[in-house]
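A.B. asks: Kindly return the folded structure for what I paste below:
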Amino acid sequence: MSSAAEQESRRDAEFTEVWPGSPEPLGARFRAGADGVAGTNFALWAGGAEAVELCLFDDSPEGGEIRLPLTELTHEVWHGFVPGVLPGRRYGYRVHGRWDPWTGARWNPAKLLLDPYARAVDGEFTGRGGRGPLPAELYGHVRDWPQQHIADTVRDERDSAPHVPKGVVVADDDDWSDDHRPKTPWPDSVIYELHVRGFTMRHPGVPGRLRGTYAGLAHPAAVEHLTRLGVTAVELLPVHQFAHEDHLLRRGLRNYWGYNSIGYFAPHAAYAASGTRGQQVGEFKRMVRALHAAGIEVILDVVYNHTAESGELGPMLSLRGIDNRRYYRLQADPRRYADYTGCGNTLHVVQPNVLRLITDSLRYWVTEMGVDGFRFDLAAALVRTMRAVDGPDMLSPFLAVIAQDPVLRRVKLIAEPWDVGSGGYQVGAFPPLWTEWNDRYRDAVRDFWRGALPDVRDLGYRLSGSSDLYAWGGRRPYASVNFVTAHDGFTLRDLVSYERKHNEANGEGNRDGTGDNRSWNCGAEGETADPRIGALRRRQARNLLTTLLLSTGVPMLVAGDEMGRTQGGNNNAYCQDNEIGWVDWSLLSDPGWRALRDLCARLLELRRAHPVLRSRSFFSGRPQSADGLRDLAWFTPGGTEMTEADWYAPAATLGMYLSGRDIPQRDARGAPVTGDSFLAVLHAGSRPIRFTLPGPPWAGAYELLVNTALEDQRSAPGLRREAGSRVSVRARSVLLWRVVRDGEEPGPAAG
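C.D. replies: Here you go, the predicted structure:
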């Protein structure tokens, strides 16, 4: 019997013929060709190139390479069908053209390029032996390492193939007929932002071999936590294939968050337990199915604003070597890159081929990978038109294409509505169909609970859906994705434990990460054994979490916040693929943090049960009937409605009344939607107060459901008080009261 190497050699000898193939679709598509011959069609858009070579690789230790010229060119697409190329085969491209950085031309056939449409990627961009900094061979220009001098205008002729990952041919054999998407309406949605690796790396219920992987997230032990909490969607930090930055590798670190994409169709291979020769695709799909079966949608955090190739001094990995001038925005000096992202480059989304790359990718993840929506990182960079210096344009081609696309306009679309360029802050400006991360909500809630708001005007808007930002164009309150914390910044526990960032572990002299944390350490910086400070911090965490989950809009939680996860004061843990960045499940053994988890689940249960807590329409604040009852009303501690002067006066206490009798929405048949009414009392003052419960027409009696002054909420529900009663409110706490309906059976007596 011949050796495996000999069999491989014979198979490779067959790859000598390239049939014309088809320019559609782009990428590598395995199929039965003419006369039923199995093979793969390869198609690459490379508009300005002079020639394109398809490079096929075997599995020998040397990584034997076969170069096949693609001679067919149709509408700027180079294409060919290669008989015998089966799923699992690794490949890349070499693209020929001019080297003229002064005009933006940077073609270099010595560099093996990753197919932008590769559906799986095998390997990483790393130094020799898989460790160390990026080798000089990865750069299209010459780098003189001893002197650290970079000459980006001189072409480097060394072969990069031994140092780069390869695309993998993948079979398309899944029709999703057995999948059932949850299709959760926006108003009912609760988003849980998590990192695939970090969420499962320390989970005791996930088998060790599955931790940090798609299979680990699909494991029943991981899914059970999500269903127990009551979240409806996971928002995954980037899972597109990404690369590690050279400056991190030189410090012995890696990119953990993944905001450094290089493959917009490929699930990141390092998160796969089953293999990287296409198996990662099936594993990702199985994860999506498992989450869907539990009623949980999958939203991807996507980074289409820039790539891992950085600026003119960065490596040549894919797009730069295919057509640098059309994939990237260049400055008036075409040697330089326009950078609206802070990452060295910005994709030129106005270019038709770039817009196609992005929308093809989005449709692929919806139709073939089963995802339910996207959160667009630095979305303002995607809507800059030809004159990007004028700022984002809400009539941009990107938004127009999304709005009319029959697939994409039906999924969840979330914008991070800013970038780092001029005019890049666009909160409230994105058009209908879009929701937005609302950082004004984050800042107002943080400032209120740390005692830094001059008055409560802004807080009132944020709690009730931010109508000042979103009540236009038929938008609804769920246009606002409310959050107090996100992956970027302090965790919830660190927000109440640190006033300064502590990012020394990142190796950047603590210069990275924002200095505007709007945090309060409750009296000591960092961890402390003082029980009074510890109790106050847990209470503040309960306050922040309760405020978030009682606010109108779509709440977003961050994985681990519900159980007191800490990053030790690091507010930029993008490179901390270790215990700093991972969820610590042992925290659930602490009664105080376990109680926070239980409170979170309780509040989400209340949101599900009561429509007024997830309103589909903005409140009017006007009387809805002859008795003067409003659908939304605001109260002072004296139990009187707030006046105009009250909104402008310094205040540490705010009462918010939500009328379930007058919810501004109708059911499918046009009938009014009704339910229970609630009074939330938010008190950020350092001393206890007495609050008068409003009388008729607001209520005759109230029942206490939540008291954040208590660590264990089991003793809170059931307490009843008559309207007009003066109730005690502990310092820095939230009380949630339900209005007792007329004729309702009495509960426990007031204590």
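A.B. asks: quick one: the residue nearest to Tyr214 when sequence neighbours are not counted from Pro238, how far?
C.D. replies: Spatial nearest neighbour of Tyr214, excluding adjacent residues (Cβ to Cβ, 6 or more residues apart in numbering): Met287 at 4.1 Å. The C-beta positions use only the backbone N, C-alpha and C, and glycine is treated the same way. As judged by Cβ to Cβ, to the nearest Å, Met287 and Pro238 stand 15 Å apart.
A.B. asks: Comparing these two, which residue is more hemmed in?
C.D. replies: Met287 (28 against 21; other Cβ atoms under 10 Å).
A.B. asks: The more buried one looks like it's in a helix, true?
C.D. replies: Yes: assessed with DSSP: H, G, I helix; E, B strand; the rest coil, Met287 lies in a helix.
A.B. asks: Give the full set of residues in contact with it.
C.D. replies: Contact analysis of Met287 by Cβ atoms under 8 Å, 6 or more residues apart in numbering lists 214-215, 217-218, 298.
A.B. asks: Now intersect those residues with the strands, please.
C.D. replies: Using DSSP state E, the members of the contacts of Met287 that fall in strands are Val298.
A.B. asks: Out of the contacts of Met287, which sit inside helices?
C.D. replies: Among the contacts of Met287, DSSP state H puts 214-215, 217-218 in helices.
A.B. asks: and stretch 276-296, how far from the chain's centre?
C.D. replies: Put simply, stretch 276-296 sits 18 Å off its chain's centre (Cα atoms, centre = their mean, to the nearest Å).
A.B. asks: Of all the residues in that stretch, which ones are buried?
C.D. replies: Neighbour-count burial for stretch 276-296 flags 276-285, 287-292, 295-296 (criterion: 16 or more other Cβ atoms under 10 Å).
A.B. asks: same question, stretch 73-88
C.D. replies: Applying 16+ other Cβ under 10 Å to stretch 73-88 flags 76-85, 87-88 as buried.
A.B. asks: Could you tell me which of these are located in strands?
C.D. replies: Using DSSP E, the subset of the buried residues of stretch 73-88 located in strands is 77-83.
A.B. asks: nearest to Ala452, of those residues?
C.D. replies: Nearest to Ala452 among those is Val77, at 56.2 Å by Cβ to Cβ.
A.B. asks: coming back round to it: looking at the buried residues of stretch 73-88, spot the one nearest Tyr648.
C.D. replies: Glu76 (60.5 Å).
A.B. asks: so that closest one touches Leu44, yeah?
C.D. replies: No: contact criterion Cβ atoms under 8 Å: Glu76 and Leu44 do not qualify, at 9.7 Å.
A.B. asks: Need the contact partners of stretch 515-524.
C.D. replies: 443, 446-447, 449-452, 489-490, 494-501, 530, 533, 536-537, 540, 571.
A.B. asks: export that stretch as PDB, just CAs?
C.D. replies: This file holds the C-alpha atoms of stretch 515-524, laid out as PDB (Å, rounded to 0.1, in the frame of the first residue of the first chain):
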ATOM      1  CA  GLY A 515     -10.200  58.100  32.300                       C
ATOM      2  CA  ASP A 516     -13.800  59.100  32.300                       C
ATOM      3  CA  ASN A 517     -15.300  56.200  34.300                       C
ATOM      4  CA  ARG A 518     -17.900  58.100  36.300                       C
ATOM      5  CA  SER A 519     -17.400  55.600  39.100                       C
ATOM      6  CA  TRP A 520     -17.300  55.700  42.900                       C
ATOM      7  CA  ASN A 521     -15.300  53.400  45.000                       C
ATOM      8  CA  CYS A 522     -17.500  53.800  48.100                       C
ATOM      9  CA  GLY A 523     -14.600  54.900  50.300                       C
ATOM     10  CA  ALA A 524     -11.600  52.800  49.400                       C
END
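A.B. asks: Distance from the chain centre to it, please.
C.D. replies: With Cα atoms, centre = their mean as the basis, stretch 515-524 stands 25 Å off its chain's centre.
A.B. asks: what comes up buried for that stretch?
C.D. replies: Applying 16+ other Cβ under 10 Å to stretch 515-524 flags 517-522 as buried.
A.B. asks: I'd like to know how many residues surround Pro392.
C.D. replies: Neighbour tally, Pro392, other Cβ under 10 Å: 27.
A.B. asks: Enumerate every residue touching it.
C.D. replies: Contacts of Pro392 (Cβ under 8 Å, 6+ apart): 380-381, 383-384, 419, 423-424, 426, 429.
A.B. asks: partners of it in the sheet?
C.D. replies: Under DSSP bridges, the beta-bridge partners of Pro392 are Arg384.
A.B. asks: What is the subsequent helix or strand relative to the helix or strand of the chain with the lowest mean pLDDT?
C.D. replies: Least confident helix or strand, the chain: helix 4-13 with a mean of 49, by mean pLDDT, DSSP states H and E. As assigned by DSSP states H and E, the chain's next helix or strand after helix 4-13 is strand 27-32.
A.B. asks: which outside residues touch that following strand?
C.D. replies: Contacts for strand 27-32 (Cβ under 8 Å, 6+ apart): 38-43, 85-87, 91, 115, 117-119, 167, 169-172, 265.
A.B. asks: mind redoing it with 7 Å?
C.D. replies: The contact list for strand 27-32, computed with Cβ atoms under 7 Å, 6 or more residues apart in numbering, reads 38, 40-43, 86-87, 91, 115, 117-119, 167, 169, 171, 265.
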